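what's the 3D shape of this:
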Amino acid sequence: MDKAPEAFLTIGEMADQLGVKTHILRYWEEQFPMLKPLKRAGGRRLYRPSDVALLDQIQDLLTNQGYTIRGARSFLAKGGKAQPASPPPAVEPAPVAQPAPIGDLFAAPAPSKLVPELRAIRDRLAQALAAA
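The predicted model follows:
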């Protein structure tokens, strides 16, 4: 028995119509604030024709047009209008590093101001491990 086009659909009927599982529809309700099916006593969802049209559009955006959830939500929040493509930001070439002279490769590193602090931390950790 087919329902009239203006009839409300249950979550199971809606899932069958879209070819998705019911948990997907519940997830989409969380992700798309404009999707608000009627909830009857006991939490039973009923999808109005406007909800059905919105779900059809969401599925098309996600499956056929390659939108992400965030992109589809943004698209629908802006009234379903395509966003103009913005040109990519100009990228400046990275400066070319000059090779270090061979003598500098084997030079000892300069002593750091942190070396005494690091040694103190090492000693406290060694004492803590010995005590444990």
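
what number of residues lie near residue 14?
Residue 14 has 21 neighbouring residues, counting by other C-beta atoms under 10 Å. Where C-beta positions appear, they are placed from N, C-alpha and C, glycine not excepted.

scratch that, residue 59 is what I was asking about
18.

Nearest spatial neighbour of it, chain-adjacent residues omitted?
Spatially, and ignoring its direct neighbours in sequence, residue 59 is nearest to residue 18 (5.4 Å; C-beta to C-beta, 6 or more residues apart in numbering).

I'd like the next helix or strand past the helix or strand bottoming out on mean pLDDT in the chain.
The weakest-scoring helix or strand in the chain, judged by mean pLDDT, DSSP states H and E, is helix 102-105 (a mean of 58). Once the chain leaves helix 102-105, the next helix or strand it forms, by DSSP states H and E, is helix 115-131.

what pLDDT, on average, does that next one get?
The pLDDT scores in helix 115-131 average 87.

now stretch 50-65
91.

Now do the buried residues in that stretch.
Within stretch 50-65, the residues that qualify as buried are 51-52, 54-55, 57-59, 61-62, counting by 16 or more other C-beta atoms under 10 Å.

Using neighbour counts, pick out the buried residues of stretch 14-24.
Buried residues in stretch 14-24 (16+ other C-beta under 10 Å): 14-15, 18, 20.

Next, the distance between the ends of that stretch.
Across its full length, stretch 14-24 reaches 11 Å between end residues, using C-alpha to C-alpha, to the nearest Å.

wouldn't residue 57 be in contact with residue 80 here?
Yes: contact status for residue 57 versus residue 80: in contact at 7.2 Å, counting by C-beta atoms under 8 Å.

Counting by contacts, list what the helix or strand harbouring residue 28 packs against.
In the assignment (DSSP H and E), residue 28 maps to helix 22-31. Using 3 or more C-beta pairs under 8 Å, 6 or more residues apart in numbering; DSSP states H and E as the contact criterion, the elements in contact with helix 22-31 are helix 11-18, helix 49-59.
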